[in-house]
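>>> Quick one, structure for this:
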Amino acid sequence: MIYLIKFGYSFLLPPGIFILALAAAAVWMLRKRERGMALALAVVALALYVCSTTLVSDSLVRSLEIRYEPPQAIDGDVIVVLGGGATEDTPDIDGSGNLSGAAGNRLLAAARLHFRTGLPILFSGGKVFADTGNEADIAKRQLLALGVPASAVYAENRSLNTEQNAEYTAQMMADHRLAKPLLVTSALHMKRAVMNFERAGVAVTPYPVDYRVSRHSAFGLHRLSPVSYALDNVGASLKEYLGIVAIQLFG
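Numbering: from 1, shown residues only. Predicted coordinates for the structure are as follows:
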């Protein structure tokens, strides 16, 4: 019963309520004999519904997340972590500014890897927009607070996208005579990140973290409920695929 209730109220919230509105508009147009407009509205409603189900979004995310497995044995001389968003003026335990959820997960994984291996951490990410935080500077503060020594933290705080992550990280690695990076980023983002580092002339060992979906999922009514985070996952997956295609086409 509880799953039926959850399924029902998913249509009372965005995007479910918008899907119902589009469907109702399609029916209204059909009654007015505006068949072309009715068909267009129905197609939009169906597309929005399909993209807002985890049945579809999880499959898209999983197709990217399964590309790489974390290595069993770690062979490298630096842990390279890619940023993924930050706030500038939000309160933190020891300052202001916080990493986004994805970037925070990457940072935590890198800190755990550092304590296990003793490898230094190079965090790459700058201030992308005027109202966002400088990712590497925030990450450095948080790593120091976690007990990582300052001598083991490098902050590449200029890059604005993955291409620049790779370019500026390669420069900093050369300056510090580092050549065998363990690349830590979200599993969803790893394929595109690896391709960008290859373009920059850097061979990396991928260490995917921050998984969005389970490897295996059971079918249930909840898979057909329209939810906003499914749309976010579809958008994020399509962004990765577009980036991969762009690199393949334009090098």
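
>>> from here on, contacts and neighbour counts on C-alpha atoms
Noted.

>>> quick one: terminal-to-terminal distance for stretch 201-220?
This stretch, stretch 201-220, spans 45 Å end to end (CA to CA, to the nearest Å).

>>> So what's the gap between it and the chain middle?
10 Å (CA atoms, centre = their mean, to the nearest Å).

>>> Tell me the buried residues in it?
Using 16 or more other CA atoms under 10 Å as the burial criterion, the residues of stretch 201-220 that qualify are 202, 203, 204, 205, 206, 207, 208, 209, 210, 211, 213.

>>> Need those residues in CSV (columns: distance to residue 32).
Putting the buried residues of stretch 201-220 into CSV (distance: CA to CA, whole Å) gives the following:
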residue, distance to residue 32
202, 61
203, 62
204, 60
205, 60
206, 57
207, 57
208, 53
209, 52
210, 50
211, 48
213, 44
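
>>> Out of the residues you listed, which comes closest to residue 114?
For the buried residues of stretch 201-220, the minimum distance to residue 114 (CA to CA) is 12.9 Å, reached by residue 207.

>>> Next, the buried residues of stretch 41-49.
Neighbour-count burial for stretch 41-49 flags 41, 42, 45, 48, 49 (criterion: 16+ other CA under 10 Å).

>>> Return the subset of these lying in helices.
Per DSSP state H, helices hold the following members of those: 41, 42, 45, 48, 49.

>>> how far away is the last one from residue 28?
As defined by CA to CA, residue 49 lies at a distance of 19 Å from residue 28.

>>> Could you pull up phi and psi at residue 121?
Backbone geometry at residue 121, expressed as degrees, to the nearest 10, gives phi -110, psi 130.

>>> Flag every buried residue along stretch 49-64.
Applying 16+ other CA under 10 Å to stretch 49-64 flags 49-62, 64 as buried.

>>> scratch that, stretch 160-179 is what I was asking about
Neighbour counts over stretch 160-179 (16+ other CA under 10 Å) mark 160, 162, 163, 164, 165, 166, 167, 168, 169, 170, 172, 173 as buried.

>>> Next: stretch 129-141.
By 16+ other CA under 10 Å, the buried positions in stretch 129-141 come out as 132, 133, 134, 135, 136, 137, 138, 139, 140, 141.

>>> And the average pLDDT for the host helix or strand of residue 98 is what?
In this structure, residue 98 sits in strand 95-99 according to DSSP states H and E. When pLDDT is averaged along strand 95-99, the result is 97.

>>> ok, it: who's next to it in the sheet?
Strand 95-99 pairs in its sheet with strand 86-92 (antiparallel), by DSSP bridges.

>>> How far off centre is the strand it pairs with?
On CA atoms, centre = their mean, the centre of strand 86-92 falls 19 Å from the chain's centre.

>>> Give me the buried positions along it.
Across strand 86-92, burial judged by 16+ other CA under 10 Å covers 86, 87, 88.

>>> For that strand, list the C-alpha coordinates in CSV.
In CSV, the C-alpha atoms belonging to strand 86-92 read as follows (Å, rounded to 0.1, in the frame of the first residue of the first chain):
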residue,chain,number,x,y,z
ALA,A,86,31.3,24.7,-4.5
THR,A,87,29.5,27.5,-2.6
GLU,A,88,31.4,30.6,-1.6
ASP,A,89,29.9,32.0,1.5
THR,A,90,28.1,29.1,3.3
PRO,A,91,29.2,28.4,6.8
ASP,A,92,31.6,25.5,7.4
